[in-house]
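Undergrad: Here is the input, now give the coordinates:
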Amino acid sequence: SPATVELLIHERGKGKSLRQLGRMFDRSHEGIRQVLAKYGPPQVTLLPEGRVVARLGYPVWWLARLRKEGIINPIRPGGYWLYSEEQVRQIAALIAEARKCQQCGNPRPLGSVRFCRECSQYRRNHKYRYLSPEAKARHRERCWAWERANPERLKEIRFRAHKKERAKRFERTS
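TA: Numbers count the residues shown, from 1 in each chain. So this is what the prediction gives:
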């Protein structure tokens, strides 16, 4: 019946062997193979994970991360993962998309987690701008506490800053 064939195709897609399916449906594995050949979807070539990694040149853990996040769904008939040709083509595009800088969108180097070199350097030099509002509030509180605890040092720092600003203004006018 069509429902049985559909269930058979579904179970085979989950990775069950022909013998397991034969035991489930009281048929021989050859009979199951013939039913699948007649009514099943067209066969696609499946590549083991090692061959996919060798072809793409990416580490295995990148594929594992894509699997765990549910982005790709290879089949696992035994103790190994099998990927279709279409999935292999998708993997390269997915990894390229994931390897982009979160700020500017340019490709980022392997050691970098979120940002490219230029954006990382900019963020390192301009830290306050990228703090969360809560972190900025904590920073202001610490600054005010330091100012209350060190009024003499604050006076010296402000005097030097004022002197430097006056020197800059004088250079611009002359």
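Undergrad: contacts, neighbours, all on C-alpha from now
TA: OK.
Undergrad: show me where the protein has helices.
TA: Secondary structure of the chain (DSSP state H): helices located at 2-13, 18-25, 29-39, 49-56, 60-68, 85-98, 117-125, 133-149, 151-173.
Undergrad: So which residues make contact with the fourth one?
TA: The one in question is helix 49-56. Helix 49-56 is contacted by residues 59, 60, 80, 81, 82, 83, 88, 92 when judged by Cα atoms under 8 Å, 6 or more residues apart in numbering.
Undergrad: go again using 6 Å as the cut-off
TA: Residues from elsewhere that reach helix 49-56, judged by Cα atoms under 6 Å, 6 or more residues apart in numbering: residue 81.
Undergrad: If I take that helix and helix 60-68, what angle do their directions form?
TA: Interaxial angle, helix 49-56 versus helix 60-68 (axes from the mean of the first three to the mean of the last three Cα atoms, to 10 degrees): 110 degrees.
Undergrad: go on, the first one?
TA: Using the same axes, to 10 degrees, the inter-axis angle of helix 2-13 relative to helix 60-68 is 150 degrees.
Undergrad: chain center to helix 2-13, what's the gap?
TA: Centroid separation between helix 2-13 and its chain, computed with Cα atoms, centre = their mean, to the nearest Å, is 34 Å.
Undergrad: Low-confidence bits of this structure, can you list those?
TA: Filtered on pLDDT under 70, the chain yields the residue ranges 42-44, 174.
Undergrad: and it, what are its domains?
TA: Annotated domains of the chain cover 2-39, 46-120, 131-173 [automatic domain parsing].
Undergrad: Would you mark the buried spots in stretch 88-104?
TA: Within stretch 88-104, the residues that qualify as buried by neighbour count (16 or more other Cα atoms under 10 Å) are 88, 91, 99, 100, 101.
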